[in-house]
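**Q** Provided below are the primary sequence and the corresponding predicted coordinates.
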Amino acid sequence: MHTLEYLTSANCQCTYAHSISQVDNLRKHVNACGVAKKIELVVVSPLLRTMQTAVGVFGGDKFTNTSSLEEEKPLMVENAGNSSRHAISSSNSPPFIAVEYCRERMGRNACDKRRSITEYSALFPGIDFSQIENNEDVYWKPDSRETDEQVAARGVTFFKWLWSRTEKEIAVVTHSAFLLETLRLFGNDTHPSIKTNEISHPFSNCELRSMVLVDTSMLGSDVPIANYP
């Protein structure tokens, strides 16, 4: 069983000031309600706006480069993506990993094309990009766009990848269209109001929802960790 905190990034059409305010307000919320302390892993779409959102919400405090740990890297460098934001520390924050599977709907819209991993690695030294095979974006096409069915199929692949993780409390920072098309496939065994109002309802910018992902075929199969012979 995995508990997933689904978070959508600030929209590429938002004003800069409004986006920053949304991120700061959500950071205050996740710390006040205790969610931030529970997160074992942050999975993020490798687009600039999602990584800025993820680091802003779940990252550490301001990076001062005065740590006694010489190998400590900032999660995000100062002014990453011309954001005018200070560098953010990786101390006291969960690990961050970028995954292509949870990207925004790909094609045509220039804001949905990612930059090279070489460039991103310089801006976000504390994010793990090892799951991404290609330095350049080989999936985004200028003359075609993913269908709803293609986005949903990619979402199922992403869920299968999540099941391979050992972490149980995972924050996923992704995009509204990706979540909408993926989650429409699930929840058919729940009350209609749950599927309509919580699972399949479109996400707003910087909206956070908590969901528990359960493989019912595996119920009762976990080995009890407290047993003693």
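**A** That came through, no problem.

**Q** going forward, measure contacts between C-alpha atoms and count neighbours the same way
**A** OK.

**Q** can you tell me how far the residue most central in space within the chain sits from residue 101?
**A** Note on the chain: the residue nearest the mean C-alpha position is residue 173, at 2.0 Å, using CA atoms, centre = their mean. Per CA to CA, to the nearest Å, residue 173 is found 12 Å from residue 101.

**Q** which residues are in contact with both of the two?
**A** residue 45 (CA atoms under 8 Å, 6 or more residues apart in numbering).

**Q** circling back: doesn't residue 52 make contact with the residue nearest to the centre of the chain?
**A** No: counting by CA atoms under 8 Å, residue 173 sits too far from residue 52 to count as a contact (10.0 Å).

**Q** Contacts for stretch 129-141, please.
**A** Outside stretch 129-141, the residues that reach it (CA under 8 Å, 6+ apart) are 97-100, 106-108, 112-118, 121.

**Q** For the lowest-mean-pLDDT helix or strand in the chain, which strands pair with it and how are they oriented?
**A** In the chain, no helix or strand scores lower on mean pLDDT, DSSP states H and E than strand 2-8, which sits at a mean of 72. Next to strand 2-8 in the sheet, as set by DSSP bridges, lie strand 169-174 (parallel), strand 208-213 (antiparallel).

**Q** what does the first one rub up against?
**A** Residues from elsewhere that reach strand 169-174, judged by CA under 8 Å, 6+ apart: 2-9, 38-45, 50-51, 53-54, 102-104.

**Q** how about 7 Å then?
**A** 2-9, 38-45, 50, 54, 102-103 (CA atoms under 7 Å, 6 or more residues apart in numbering).

**Q** low pLDDT regions in the protein?
**A** Applying pLDDT under 70 to the chain flags residues 1-2, 9-18, 66-71, 217-229.

**Q** Can you tell me how far residue 27 is from residue 206?
**A** Relative to residue 206, and taking CA to CA, residue 27 is found at 10 Å.

**Q** Between the two, which is the more surrounded one?
**A** Per other CA atoms under 10 Å, whichever of residue 27 and residue 206 has more neighbours is residue 206, with 25 against 20.

**Q** Go ahead and report the secondary structure state at the more buried one.
**A** Here residue 206 is recorded as coil under DSSP: H, G, I helix; E, B strand; the rest coil.
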